[in-house]
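Asker: when you get a sec, could you give me coordinates for this:
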Amino acid sequence: MNFKPKGWLSARDWGNDLFMFSFELVSDRDWVLQNQPWHFDGFLFAIKEMAGHEQPSAIKLSTAEF
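Answerer: This is a model prediction of the structure:
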């Protein structure tokens, strides 16, 4: 399944294999979250929606939904 966003999408590298993706449209974000798991170039993405002012160092990404 390929993701083709209707709005813009940006990605920011936060280091330590952690990236933040920002979506113009909530519907694009929701589609990505609902259609997990995702992979790229043989690597699995563990995806979590950030809440409020959560710090990147506090995010625990040890599982991915299948």
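
Asker: which SS class is the most centrally placed residue in the chain?
Answerer: The chain has residue 47 as the residue nearest its centroid, 4.5 Å off, counting by Cα atoms, centre = their mean. Classification of residue 47 using DSSP: H, G, I helix; E, B strand; the rest coil returns coil.

Asker: give me the spatial nearest neighbour of it, chain neighbours excluded.
Answerer: residue 36 (5.8 Å; Cβ to Cβ, 6 or more residues apart in numbering). Yep, even glycine has a C-beta here, placed from its N, CA and C like the rest.

Asker: likewise for residue 39?
Answerer: Here the residue nearest residue 39, using Cβ to Cβ, 6+ apart, is residue 45, at 6.4 Å.

Asker: residue 29 now?
Answerer: residue 23 (4.1 Å).

Asker: can you give the distance of stretch 35-52 from its chain's centre?
Answerer: 5 Å (Cα atoms, centre = their mean, to the nearest Å).

Asker: send me stretch 7-22 as CSV with only the CA atoms.
Answerer: Only the C-alpha atoms of stretch 7-22 are listed here, as CSV (Å, rounded to 0.1, in the frame of the first residue of the first chain):
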residue,chain,number,x,y,z
GLY,A,7,-1.7,17.9,1.7
TRP,A,8,1.9,18.6,2.5
LEU,A,9,4.1,16.4,4.6
SER,A,10,7.4,17.3,6.3
ALA,A,11,9.9,15.2,8.2
ARG,A,12,12.4,16.4,10.7
ASP,A,13,15.4,14.3,11.9
TRP,A,14,15.7,14.5,15.7
GLY,A,15,18.7,12.2,15.9
ASN,A,16,19.1,8.7,17.4
ASP,A,17,16.9,7.2,14.7
LEU,A,18,14.0,9.4,15.7
PHE,A,19,12.0,11.5,13.2
MET,A,20,9.0,13.8,13.5
PHE,A,21,6.5,13.9,10.6
SER,A,22,4.1,16.9,10.3
